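# need coordinates for the below:
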Amino acid sequence: MDCRIRKWELVDAGDLAVALSNKKVQDNLRDGLPYPYTEQDAKNFISEMLSADENETFAFAIAVDNIAIGSIGVFRQNNIHRQTAELGYYIAESYWGKGIVTEAVRQICEYVFSQSDIIRIYAEPFAYNIASCRALEKAGFQYEGTLRSNAVKNGKVIDMKMYSLLKEEVEE
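Okay, here's the model as predicted:
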């Protein structure tokens, strides 16, 4: 399966809407996304990502055979954390467990580290999302610890895990 990250295109809206109109996918994401997720929601998101400052927001479609099956982004933080960025991603459920997220994470980290002054990329998956944690580990991220009772999702207080990858670790 040929997985690559690429710039968003407005024609990806239908595929994005399908991926995000899945409760299992949304259960692993932060709140704030509409459900069901419409094609118009997707068009709005894609337009926002295409017009974002490319040195602050590194946002891409995850594509398999050039079909958008998910989203991946690295978002620069500010103030003393201005050279640190947060990673977020998801893919359609039918593509889970195939190594696609690991490959997309590798690609975006390589891109961000080579195209910016970012020195640290971190991710905070929900502790119960074992597959996401494993994908980060396989992509070279280091587990830094558990953020206890760090979020409320679907009415439950949950832990999150902290992972990071440093630019110097990729360059070695």
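# can you mark which positions in the longest helix that the chain contains are buried?
Across the chain, the longest stretch assigned as helix under DSSP state H is helix 100-115. Going by neighbour count (16 or more other CB atoms under 10 Å), the buried part of helix 100-115 is 100, 101, 102, 103, 104, 105, 106, 107, 108, 109, 112, 113. For every residue, glycine as well, the C-beta is placed using N, CA and C.
# likewise for stretch 118-132?
Within stretch 118-132, the residues scored as buried using 16+ other CB under 10 Å are 118, 120, 121, 122, 123, 124, 125, 126, 127, 129, 132.
# tell me the one among the residues you listed nearest to residue 159.
residue 127 (3.9 Å; CB to CB).
# state the pLDDT value of the closest residue to the closest one other than its chain neighbours.
Spatial nearest neighbour of residue 127, chain neighbours left out: residue 159 (3.9 Å); criterion: CB to CB, 6 or more residues apart in numbering. Predicted confidence (pLDDT) for residue 159: 98.
# could you do residue 1 as well?
69.
# low-confidence regions, this protein specifically.
1, 172 (pLDDT under 70).
# what about the helices in it?
Going by DSSP H, the chain shows helices at 13-20, 23-26, 39-51, 100-115, 130-138, 167-171.
# I'd like these as CSV, with distance to residue 64 appended.
Below are the helices of the chain laid out as CSV (distance: least, CB to CB, whole Å):
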stretch, distance to residue 64
helix 13-20, 10
helix 23-26, 16
helix 39-51, 17
helix 100-115, 7
helix 130-138, 15
helix 167-171, 24
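# closest to residue 90 out of those?
If we rank the helices of the chain by CB to CB, the stretch that ends up nearest is helix 23-26, at 5.6 Å.
# give the contact list for the residue lying closest to residue 125 once chain neighbours are set aside.
Ranked by CB to CB, 6+ apart and with sequence neighbours excluded, the top spatial neighbour of residue 125 is residue 132, at 4.0 Å. Neighbour list for residue 132: 28, 101, 123, 125, 126 [criterion: CB atoms under 8 Å, 6 or more residues apart in numbering].
# nearest to residue 79, of those residues?
residue 123 (20.1 Å).
# so what's the closest residue to that closest one other than its chain neighbours up against?
Nearest residue to residue 123, sequence neighbours excluded (CB to CB, 6+ apart): residue 87, at 4.3 Å. Residue 87 makes contacts with 72, 73, 74, 105, 108, 109, 121, 122, 123, as judged by CB under 8 Å, 6+ apart.
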